[in-house]
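Enquirer: Sequence and predicted structure, then a few things I'm wondering about:
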Amino acid sequence: MATAPSATDQQVDLLRGTVVSLVRRDGPDLTARQLAVFLTCYLVEGGHTVRGLAAELDVSKPAITRALDRLGEFDLARRKTDPADRRSILVQKTPKGSAFLRDIKTIMGKVASGEKKAAPAARRATAA
């Protein structure tokens, strides 16, 4: 007798299907750290700094700087000197980054609904 997948199993499958779809499409191929920085900047309210992101994600400031360098190469985020404290750097959203977030949400929706093109993993899981 097969048991129903747990909510955690479903979430992991959703994550896998989403990442697989992102890897297969044309566009930025981000590491887990870069994706974490990107999503934190776009989904967590407030002005983000390198120091704040490092504290939020519990990683070093140089790791955040490298991730932001890569996000900047893809024009998914940009850095700007904080006018209130010129020693501090603020991370800003970009139109391309906002479009990328919309794409991620669309892909996740397709994977969650079991659309074949977006979620080969979900299709195999239901066929088994």
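Expert: Cool, got the structure.
Enquirer: Please make it C-alpha for all contacts and neighbour counts, starting now.
Expert: Will do.
Enquirer: Could you measure from the residue nearest in space to the middle of the chain over to Ile104?
Expert: Centroid-nearest residue in the chain: Leu35, 3.6 Å away (criterion: CA atoms, centre = their mean). To Ile104, Leu35 is 11 Å away according to CA to CA, to the nearest Å.
Enquirer: and if you look at Leu15?
Expert: Counting by CA to CA, the gap from Leu15 to Ile104 is 11 Å.
Enquirer: Need the residues that contact the longest strand anywhere in the chain.
Expert: Longest strand in the chain, counting residues (DSSP state E): strand 85-93. Outside of strand 85-93, the residues within contact range by CA atoms under 8 Å, 6 or more residues apart in numbering are 41-42, 47-50, 76-82.
Enquirer: how does it look with 10 Å?
Expert: The contact list for strand 85-93 (CA atoms under 10 Å, 6 or more residues apart in numbering) reads 38, 41-42, 47-53, 68, 72, 75-83.
Enquirer: on that earlier part again, overlap of the contact sets of Leu15 and Ile104?
Expert: Joint contacts of Leu15 and Ile104 (CA under 10 Å, 6+ apart) are Ser21.
Enquirer: tell me which strands and helices the host helix or strand of Thr106 is in contact with?
Expert: Using DSSP states H and E, Thr106 falls within helix 95-113. Contact partners of helix 95-113 among helices and strands, from 3 or more CA pairs under 10 Å, 6 or more residues apart in numbering; DSSP states H and E: helix 7-24, helix 32-43, strand 77-82, helix 120-127.
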